[in-house]
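> Sequence and predicted structure below; questions after.
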Amino acid sequence: MAPTWVVSILGLFTFDVDVVGKRELVKMRTRSVSVT
């Protein structure tokens, strides 16, 4: 088992990447909608 601080840092990092990825997806979607 990895230490809890490693797990929490990894969890925060993956959560951050997930949120940023969703935001970029929404941006791309709205941009394609506004272009058409």
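Perfect, I can see it now. Computed from a prediction, not measured in an experiment: that's the story for all the values here.

> Poorly predicted segments of this structure, please.
1, 35-36 (pLDDT under 70).

> Do a quick rundown of the helices in it.
Under the criterion DSSP state H, the chain carries helices at the ranges 4-35.

> Pick out the residue closest to the middle of it.
By Cα atoms, centre = their mean, the chain has its centre lying nearest to D18, at 2.1 Å.

> Could you report the distance from that one to V33?
23 Å (Cβ to Cβ, to the nearest Å). Just so you know, the C-beta spots here come from the backbone N, C-alpha and C atoms, and that holds for glycine as well.

> Repeat that for V19.
From V19 over to V33 the distance is 21 Å, taken as Cβ to Cβ.

> How many residues are close by A2?
A2 has 8 neighbours, counted by other Cβ atoms under 10 Å.

> Can you tell me how far it is from V33?
Taking Cβ to Cβ, one finds A2 at 42 Å from V33.

> next one: K22
K22 sits 16 Å away from V33, going by Cβ to Cβ.

> And for R23?
From R23 to V33 the distance is 16 Å (Cβ to Cβ).

> and what of T4?
43 Å.

> for F15, same thing?
Taking Cβ to Cβ, one finds F15 at 27 Å from V33.

> And for T14?
Separation of T14 from V33 (Cβ to Cβ) stands at 29 Å.

> cool, and V17?
25 Å.

> Same question for S8.
S8 is 37 Å from V33, by Cβ to Cβ.
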